[in-house]
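Asks: Just the structure for this:
(chains A and B)
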Amino acid sequence: MAEQRAVPAALPAPAGLPARIYEALRVYALVARMWLRASLAYRTSFWLTTIGNAVTSGLDFAVIAIMFLHTSALGGWTLPQVAFLYGTSGATLGLADLAVGSLDQLGQRVRDGSVDTVLVRPAAALAQLGADRFALRRTGRVVQSLLVLAWAVSRLHLDWTAGRLLVTAVLLVCGSVIFGSVFVAGAAFQFFATDAAEVQNSVTYGGATMLQYPPTIYARDLVRGVVYGVPLAFVNWLPALYVLGLPDPLGLPGWFRFASPVAALVCATAAGLAWRAGLRAYRSTGS
Amino acid sequence: MRLYAAVARGSFRRYATYRAATWAGVFTNTVFGFFIAYTYRALWEIRPHLGGYDLGAALTYVWLGQSLMVPVAAMGGGIQDDLEARITSGDIAVDLYRPVDQQGWWLAADLGRAGYHLLSRGVLPLAVGALFFRLRMPAGGAAEAALTWAGFLASLVLAVVVSFALRYMASLTGFWLLDARGVRQVTAVLGMFFSGFLLPLTLLPPALGAVAQHLPWAGMVQIPEDVFLQRRTGGALLSGLALQLLWALVLLGAGRLVQRAAAAKVVVQGG
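Replies: You can find the predicted model right below:
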């Protein structure tokens, strides 16, 4: 106990936002590396889960491919166009899941009291919990989605202007940030509802499933909720309209197609605030 | 028998304790139901009788699939979490000393769990689906409808047993691999695809579909669905149930052999 009390005094809190971010990233990398080594201890299981992850997410694409055995267009979109949605949706969710997906275990940790262990350490709780049980096997989904995306690009016969390339690259970054924000906000919610972790699956995995298909097949109200509620449409639907050169079925302002960075910034800020509120409201179970 | 009934009851009550988890699960199944129903509708509007299902049957297929997902656990889960934790920690050694059949114990626990999940996460998403889409409930005269419901319930119980038998064996690999997660992932993939959960097996390429119809996974989603949709009646209903029963017996038998080999491998460390 004496050492624990001594720690904060011995380790001055880093000053300024850049220093704090650097420190959090360093903590994240340390914890992630530890879990990486732990997961490689069971090699058979590691490879089975990695491949299994790729195949599991690949099955979603198998479903789409099978649907296209029976039709040439879905909601007016061709298979390569839907594959572009699929690849971007899977890759962004996969990257977010790789980075902070472990946060969905938070409710469990609140229940068993192990959040306390995290909070007494002199390091950012979000970085520690985000890297907790860091699972490299989750790259399975990312790799598989990027392969589908590459296939889509090869089949789309688009004129790859600088604008299209830029929007696609920005899409992958901002989409990951938006999904990552959902993970963080979902974790913050678990401070209040400790065993409702599954609700956030409906936004993350459910949202990714929805974004694999063209917006044209959904009811208008649902699409509106996805633009203005949880702004998932900015992950790939709206930028994809620009990249694929398709008319807007949603009747939204044209600049929305380029607004993903704004949406990502808003999401990240909101998630950060939610996280702080959750952390403040945290009451230990005492166990 | 009384012991197993008590185990099943205890398991039912245990899962019933986590109310928030139940509501969260119902919500998630319902949200997924909406997304998948829209994709099915887009496809069936282009191909109205695809795979032998009309639009109403296809939409019912989606929502019933969401309802069966957790009770039947074709993708893994259920008692697997507890069983694998006990194998990893070594607590399983204590279980093996109990004068009770391990497989029977865990089957009873899984049936109790499935019963609770059917009443909560099974009924509610289907009810919401019926509110927003035109679903097809068992029709016909009173006798015909009653027969369909009876066949459906029998098919459902067998679906849980077949699923349990496979999951039990998958978890027991933990005795050899120490970490059963990899095997679990593989069985999840097979279960998702070959149970007909993602798409009816009649939509698969013909050769693959014909094989898939006879594999154990077909008994987890496809057969109960077809019984409910009255695509399996009379002889087809009986042959469907027979296939499920056959796989249940074969897989439970295989599970006993694996269990014996696993028990022989246990090293009690003591201390």
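Asks: Next, the contact list for the closest residue to chain B within the stretch 51-200 of chain A, please.
Replies: As assessed by C-beta to the nearest C-beta, chain B sits closest to A:G52 within the stretch 51-200 of chain A, at 3.1 Å. To be clear about C-beta, it is placed using only N, CA and C from the backbone, and glycine gets the same treatment. Counting by C-beta atoms under 8 Å, 6 or more residues apart in numbering or on different chains, A:G52 touches A:137, A:140, B:182, B:185-186, B:188-189.
Asks: Out of these, show me where the pLDDT dips lowest.
Replies: Note: of the contacts of A:G52, the lowest pLDDT belongs to B:G182, at 78.
Asks: Mind telling me what element the closest residue to it other than its chain neighbours is part of?
Replies: Using C-beta to C-beta, 6 or more residues apart in numbering or on different chains and skipping residues adjacent in sequence, the residue nearest B:G182 is A:L48, 2.7 Å away. For A:L48, the host element (DSSP states H and E) is helix A:43-69.
Asks: Can you name the next helix or strand after that helix?
Replies: Counting by DSSP H and E, what follows helix A:43-69 is helix A:79-100.
Asks: tell me the mean pLDDT for that next one?
Replies: 96.
Asks: Please name every helix or strand in contact with it.
Replies: For helix A:79-100, the contact count by 3 or more C-beta pairs under 8 Å, 6 or more residues apart in numbering or on different chains; DSSP states H and E identifies helix A:43-69, helix A:139-156, helix A:162-192, helix A:205-211, helix A:237-244 as packing neighbours.
Asks: what about the chain, any weak spots by pLDDT?
Replies: You didn't pick a chain, so chain A it is. A:1-14, A:286-287 (pLDDT under 70).
Asks: ah, no, chain B please
Replies: B:267-271.
Asks: tell me the SS of B:I223?
Replies: helix (DSSP: H, G, I helix; E, B strand; the rest coil).
Asks: any idea how far the nearest residue to it once chain neighbours are set aside lies from chain A?
Replies: Leaving aside its chain neighbours, B:I223 sits nearest to B:G240 (4.5 Å; criterion: C-beta to C-beta, 6+ apart). Going from B:G240 to chain A by C-beta to the nearest C-beta, to the nearest Å gives 23 Å.
Asks: for B:G240, what are its contacts?
Replies: B:155, B:219, B:223, B:226-227, B:232.
Asks: interface residues of the stretch 151-287 of chain A facing chain B?
Replies: A:193-199, A:201-202, A:206, A:209-210, A:213, A:217-219, A:222 (C-beta under 8 Å from any C-beta of the partner chain).
Asks: change it to 6 Å
Replies: Counting by C-beta under 6 Å from any C-beta of the partner chain, the positions of the stretch 151-287 of chain A adjacent to chain B are A:193, A:195-196, A:198-199, A:201-202, A:206, A:209-210, A:213, A:217-218.
Asks: Now the buried members of those residues.
Replies: A:195-196, A:198-199, A:201-202, A:206, A:209-210, A:213, A:217-218 (16 or more other C-beta atoms under 10 Å in any protein chain shown).
Asks: just checking, which of those belong to helices?
Replies: Under the assignment DSSP state H, these contribute A:198-199, A:201-202, A:206, A:209-210 to helices.
Asks: Pop out the phi and psi values for the spatially closest residue to B:G51 that is not a sequence neighbour.
Replies: Ranked by C-beta to C-beta, 6+ apart and with sequence neighbours excluded, the top spatial neighbour of B:G51 is B:T202, at 3.8 Å. Dihedral angles of B:T202 (phi, psi; degrees, to the nearest 10) stand at phi -70, psi -10.
Asks: Just give me the neighbour total for B:T202.
Replies: 18 (other C-beta atoms under 10 Å in any protein chain shown).
Asks: Centroid-nearest residue for chain B?
Replies: B:V72 (1.9 Å; C-alpha atoms, centre = their mean).
Asks: can you list the residues that contact stretch A:146-155?
Replies: For stretch A:146-155, contacts defined as C-beta atoms under 6 Å, 6 or more residues apart in numbering or on different chains pick out A:61, A:80, A:83-84, A:86-87, A:91.
Asks: Need those residues in CSV (columns: neighbour count).
Replies: Shown next, in CSV, are the contacts of stretch A:146-155 (neighbours: other C-beta atoms under 10 Å in any protein chain shown):
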residue, neighbour count
A:F61, 20
A:P80, 17
A:A83, 24
A:F84, 26
A:Y86, 27
A:G87, 24
A:A91, 26
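Asks: Spatially, which two of those are the most separated?
Replies: Largest separation among those by C-beta to C-beta: A:P80 and A:A91, giving 16.1 Å.
Asks: A:D104 against A:D195, yeah?
Replies: No - shown here, A:D104 and A:D195 do not form a contact pair, counting by C-beta atoms under 6 Å, at 11.9 Å.
Asks: if we can go back for a sec, between the contacts of A:G52, which is nearest B:G78?
Replies: So of those, ranked by how close each gets to B:G78 (C-beta to C-beta), first place is B:A188, at 12.1 Å.
Asks: who does the strand or helix carrying the closest one touch, helix- and strand-wise?
Replies: Taking DSSP H and E as the criterion, B:A188 maps to helix B:181-194. With contacts taken as 3 or more C-beta pairs under 6 Å, 6 or more residues apart in numbering or on different chains; DSSP states H and E, helix B:181-194 sits against helix A:43-69, helix B:142-172.
Asks: Of all those helices, which one is nearest A:R37?
Replies: helix A:43-69 (11.1 Å).
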